[in-house]
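A.B. asks: Give me a model of this one.
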Amino acid sequence: MVGKTLISEFLKEQGVKEVFCLPGIHTLSLIQSLILSGISIYVARCERSLLFMADGYSRTCGRTSVVFVTPGPGLTNSVLGSMVAFWAEVPLLLIHIDPTGQDRGKGVLHELSEPERIFEGITKKRIRVEQKNDL
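C.D. replies: Next up, the predicted model:
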């Protein structure tokens, strides 16, 4: 089973019915997997808008919002919305898909060396998954 399928199955088991996503090359197969599992996808044209949409969703329905973004600019454009959600205690799960193992370290498509460090101080927890088995 591919890691992105594991993610969509986990979210469905947790009762997630909607996710927020800005499509990109790193998220296309994940989006397909989410759609096949019956999860609705809300799309925005920029990550800042996406995070504020997810924030509003969580505040309205009281559930955790799940947001998928691409690496590099996609992730860094998510900082402001993540910070607002953190300080307002809005439940938000932000997931970004980095390049795969063989491409890591080559600067492929906006790769950052330690992307999780960007969110120090504005998240309860940061997790970096290196291998599919860690999911």
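
A.B. asks: how far does the helix or strand of the chain with the lowest mean pLDDT sit from the chain's center?
C.D. replies: Between all helices and strands in the chain, the lowest mean by mean pLDDT, DSSP states H and E belongs to helix 73-76, at a mean of 82. Computed by CA atoms, centre = their mean, to the nearest Å, the separation of helix 73-76 from the middle of its chain amounts to 11 Å.

A.B. asks: can you check stretch 15-23 too?
C.D. replies: In terms of CA atoms, centre = their mean, the centre of stretch 15-23 is found 9 Å from the chain centre.

A.B. asks: What about the nearest residue to residue 36 once chain neighbours are set aside? Give its phi and psi, please.
C.D. replies: Leaving out its chain neighbours, the residue that sits closest to residue 36 by CB to CB, 6 or more residues apart in numbering is residue 8, at 7.5 Å. In this view, the C-beta of every residue, glycine as well, is placed from N, C-alpha and C. Dihedral angles of residue 8 (phi, psi; degrees, to the nearest 10) stand at phi -70, psi -40.
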